[in-house]
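Enquirer: Requesting a structural model of the entry that follows:
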Amino acid sequence: MSGRKVAVLGSGGWGTALALVAYAAANEVTLWSAFKEEIDEIALNGENKLLPGIVIPRDMKLSYKKEDLKDAEICIVAVPSNVIRTVLRQVRDCISPDCILVNVAKGLEEETLLRLSQVISQELPDNKVAVLSGPSHAEEVARSVPTTVVVACDDKEVCETVQKTMTGRNFRIYINKDIVGVELGGTIKNVIALAAGICDGYGCGDNTRPPL
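Expert: Next up is the predicted model:
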């Protein structure tokens, strides 16, 4: 492998799919989970049960040890919003201040209503933080179905680094500096979809819902 050292925090479907994207782009990838049993199961079966039929490459590193995050140049944060602060506190002493943190989780922190990139910045204030979002289902990304997403950060160089590291034949990343808009768009999209569905259920027609 060549390229950069990429760590993915969270071995759920989305984290695993992005680990596969990073691997396909010729990076050295570590898929990390706080739960040893999750990592052991993936290692034993050669696949993630959330992505059945998708083979995990033998030379992709699987780990539950935070020390294996020390050399990461890019760290993709793919843990649920309700535990993101807890997980970062668990591993932050092993993450280099030069490591770019990329949030791919959706939602707001329940207690503070902070965007997740803000939570990350609070816990690791010395690190650059970006957000990656877009219309993308984990199972399709894992199967290399063509997908386009956007990476947002107020630092263009950070965006370009993530773009060059993660872009592949079937995974294209565009750049945007509006981190707030991109992050909130990913957070509220389901609320809008539900409202549109209600309008459809009442037979209100196209004029009552936003363009889809």
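
Enquirer: mind listing the strands for this protein?
Expert: 5-9, 28-32, 61-63, 74-77, 100-103, 129-133, 147-152, 171-176 (DSSP state E).

Enquirer: The first one pairs with which strands, and in what direction?
Expert: In other words, strand 5-9. Strand 5-9 sits in its sheet next to strand 28-32 (parallel), strand 74-77 (parallel), going by DSSP bridges.

Enquirer: now those strands in a markdown table, with mean neighbour count and mean pLDDT?
Expert: C-beta: built from backbone N, CA, C; applies to glycine. Listed next are the strands paired with strand 5-9 as a markdown table, based on neighbours: other CB atoms under 10 Å; pLDDT from 0 to 100:
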| stretch | mean neighbour count | mean pLDDT |
| --- | --- | --- |
| strand 28-32 | 25 | 98 |
| strand 74-77 | 26 | 98 |
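
Enquirer: ok so, going back, nearest to L116, out of the strands of the chain?
Expert: When these are compared by CB to CB, strand 100-103 sits nearest L116, at 5.0 Å.

Enquirer: Extract the CA atoms of that closest one and return them as PDB.
Expert: What follows is strand 100-103, C-alpha atoms only, in PDB (Å, rounded to 0.1, in the frame of the first residue of the first chain):
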ATOM      1  CA  ILE A 100      -7.000  15.700  10.100                       C
ATOM      2  CA  LEU A 101     -10.300  14.700  11.700                       C
ATOM      3  CA  VAL A 102     -13.200  14.000   9.300                       C
ATOM      4  CA  ASN A 103     -16.700  13.800  10.800                       C
END
